[in-house]
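Undergrad: Okay, predicted coordinates and the sequence, questions at the end:
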Number of protein chains: 2
Amino acid sequence: MKTDTSSLEIIKSTTSKLDQTKLDKLVFGEIFTDHMLECDYENGKWKTPKIKPYGPIELMPSAKVFHYGQAVFEGMKAFKDEDDKIWLFRPEENFKRINVSGARLAIPEFPKDYFFNGLEELLKIDKEWIQKGFGNSLYIRPFVIATEECVSAAPSTKYKFMIICSPAQAYYSGEVRVKFSETFSRAADGGVGYAKAAGNYAAQFHPTNLAKEEGFQQIVWTDANTHEYLEEAGTMNIFFRVGDKLLTAPTSDRILDGVTRKSIITLAEEFNIPVEVRKVSVKEIVEAARKGELKEMFGAGTAAVINPIVGFGHKGEKFELPKLEDTYASFFKDKLMKIQYNQAEDRYGWRYEVKQ
Amino acid sequence: MKTDTSSLEIIKSTTSKLDQTKLDKLVFGEIFTDHMLECDYENGKWKTPKIKPYGPIELMPSAKVFHYGQAVFEGMKAFKDEDDKIWLFRPEENFKRINVSGARLAIPEFPKDYFFNGLEELLKIDKEWIQKGFGNSLYIRPFVIATEECVSAAPSTKYKFMIICSPAQAYYSGEVRVKFSETFSRAADGGVGYAKAAGNYAAQFHPTNLAKEEGFQQIVWTDANTHEYLEEAGTMNIFFRVGDKLLTAPTSDRILDGVTRKSIITLAEEFNIPVEVRKVSVKEIVEAARKGELKEMFGAGTAAVINPIVGFGHKGEKFELPKLEDTYASFFKDKLMKIQYNQAEDRYGWRYEVKQ
């Protein structure tokens, strides 16, 4: 796609924070690049997007986002290859999904050319922030917030779309053990679980804190009705390897349609790894673990790519997974990352070059 | 409670917007008084609250409230009687509930003295904004937002508690017809439905828009599992009058423990109106409507006090309720408002004077 900067206003920062930033000691999501994209919606339309120096935004305390959580977001990454080319991974999916999420929250559709032109121009302006090296990336956070100054519980008439970017290193969160949820729930049938709706995330913090007290790092959410089926981990979709078979739950109105998730399913098919997309019961996973047939469990999402899980807990019982030499987790992570970093053939057209 | 202003910083506005405000032509939630309360949480504690001129707040675009919806709120009202005394209605309930909501969203507890001292001082400073007259009030919106500048999906380490106030007239929303939800849901078992969590509200906007296209103003949410039981209307609890019996759903982790709701239950008992707090099925309400036994349906909440409902829809069928002379809705509304405006005996200690 050609970058049409005629519909984009650019105010460049006169200074850069890059020199003072320790790019080898990054905590995820804390440091942001020199610029951001901002685009306001008013009177029924999105105005001209602006790239401007990264900095605070001013909102009235009555802005609807503070009261009614009318906000959605996306997570993406930009990668730099050895020739300084900049790549995105399936950005079309994120663009589509921010509007799917938005529609569920009554947020007006954001235009495709504004999204791509704005994002690409922003990446070019802040390209020095994208570090080379396998595992390094620039985490990209597009989001939309409701800004109308009114505390009546109805959809906002004003919105702000933004993109902010944060340099990231390879994500390593230590050994991850998960708890299968027994009482708390993440999403209802007919609810907003499939959307990257802001409120879905805060709702997980308290149950996750409780799980941490029991020695788990994350929760694998189960269906709210019966807690018998495993759904997703809140920031990651979940895969199980039973024997040599890979299992993952189908997407639904409770489960996010993850880009990493569906890329793994495609790769599994390519490499003849048997994969079943179907309801996965707690019972079968616990039984497989008891029999030693549960070989792996891992999360899949943009931030971590693939996050191996070393153990899980259910109804007071704790299970440790075997430590294998060759894991599906590392196989898929390597395959995916090689495509992302332009080190492998891109059979599916997943790579998207940001032309400089 | 004595107002201890030693733990409160006050910066008064040098001008007032009151003169330019048409207090007889108010739209709910659009106009705010001259001052607001602000209190920041950092390094594990709430700092000294400040009353200052109402105005914009500055936040980094990475503030967690924008991404993860970590925000809760309350709705209260202040009333002025004929002797210029200022009254709140059961404010202790709102104070408790903002911390119940906060706990579910991993937000640190807000101190009681900060809440009451701050609120009372704010009301005294802006007391000219509270209009006399049955139906007039000052709508009070306490809320908490997560302000830490970090896009990792974990509880914020920084928060902002605020109170903003908006003058309100008697709430009249026209004739209200509701749709009983058949597919969409508001809350899951084990979720955050009982909390005044920001994200609960945005999630209702889209289904409500669809209901509006069918001629309904609001949705009565049903249980997510079966859609067979009537729960609440999202901003109001719901009551049904079948014959002379009043029915309402019990509170649960999906249903807000409304202050108006429980006040009505208490008044019903006092006035020997038979009231049943139990699961109310769609089936029994539809059957009662067919037999002419469904005499009333009304919502109960702080903003509207009681909002009569004139009809409902379910599975494509529309039902109109009879127009009665003497309704429970107007009976309870009158009883409640007379207590709120210091025009009736306060048997239960619900009224709370803001000493000037």
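TA: Great, that's in hand.

Undergrad: The closest residue to chain B within chain A in helix, strand or coil?
TA: Nearest to chain B in chain A, going by C-beta to the nearest C-beta, is A:Gly199, at a distance of 1.4 Å. All C-beta atoms are positioned from the backbone trio N, CA, C, and that covers glycine. Secondary structure, DSSP: H, G, I helix; E, B strand; the rest coil: A:Gly199 is helix.

Undergrad: So what's the predicted local confidence for A:Ala304?
TA: With respect to pLDDT, A:Ala304 scores 89.

Undergrad: which residue sits closest to A:Leu37 in space, ignoring its chain neighbours?
TA: Excluding the flanking residues, the one nearest A:Leu37 by C-beta to C-beta, 6 or more residues apart in numbering or on different chains is A:Ile163, at 4.0 Å.

Undergrad: Identify the bridge partners of that neighbour.
TA: A:Leu37, A:Pro142 (DSSP bridges).

Undergrad: Tell me how many other residues surround it.
TA: When neighbours are defined as other C-beta atoms under 10 Å in any protein chain shown, A:Ile163 has 23 of them.

Undergrad: what's the pLDDT at it?
TA: pLDDT, read off for A:Ile163, is 98.

Undergrad: quick one: contacts for the residue of chain A closest to chain B?
TA: Contacts for A:Gly199 (C-beta atoms under 8 Å, 6 or more residues apart in numbering or on different chains) come out as A:Gly69, A:Ala71, A:Val192, B:Gly69, B:Val192, B:Ala197, B:Ala198, B:Gly199, B:Asn200, B:Ala202, B:Ala203.

Undergrad: Residue numbers of the stretch 1-150 of chain A in contact with chain B?
TA: Contact residues, the stretch 1-150 of chain A versus chain B (C-beta under 8 Å from any C-beta of the partner chain): A:27-30, A:32, A:36, A:54-62, A:65-71, A:73, A:103-106, A:139, A:141, A:143, A:145-146, A:149-150.

Undergrad: Can you tell me which of those residues end up in helices?
TA: Mapping the residues of the stretch 1-150 of chain A next to chain B onto helices (DSSP state H) picks out A:Val65, A:Phe66, A:His67, A:Tyr68, A:Ala103, A:Arg104.

Undergrad: Count the neighbours of the fifth one for me.
TA: One way to gauge burial is a neighbour count; for A:Ala103, by other C-beta under 10 Å, it gives 14.

Undergrad: Quick check, pLDDT for the residue lying closest to A:Tyr68 once chain neighbours are set aside.
TA: Distance criterion C-beta to C-beta, 6+ apart; nearest residue to A:Tyr68, sequence neighbours excluded, is B:Tyr201 at 3.8 Å. Here, the pLDDT recorded for B:Tyr201 equals 98.

Undergrad: B:Tyr201 contacts A:His67, correct?
TA: Yes - proximity of B:Tyr201 to A:His67 meets the contact threshold set by C-beta atoms under 8 Å, at 7.2 Å.

Undergrad: more crowded one of those two?
TA: A:His67 (27 against 21).

Undergrad: who's in contact with that one?
TA: With C-beta under 8 Å, 6+ apart, A:His67 has these contacts: A:Val151, A:Ala153, B:Ala71, B:Phe73, B:Arg141, B:Phe143, B:Ala198, B:Tyr201.

Undergrad: Can you show me the helices along the stretch 151-300 of chain A?
TA: Using DSSP state H, counting those that start in this stretch, the helices of the stretch 151-300 of chain A run over A:198-213, A:259-270, A:282-291.

Undergrad: so where's chain A uncertain?
TA: For chain A, the stretches with pLDDT under 70 are A:1-6.
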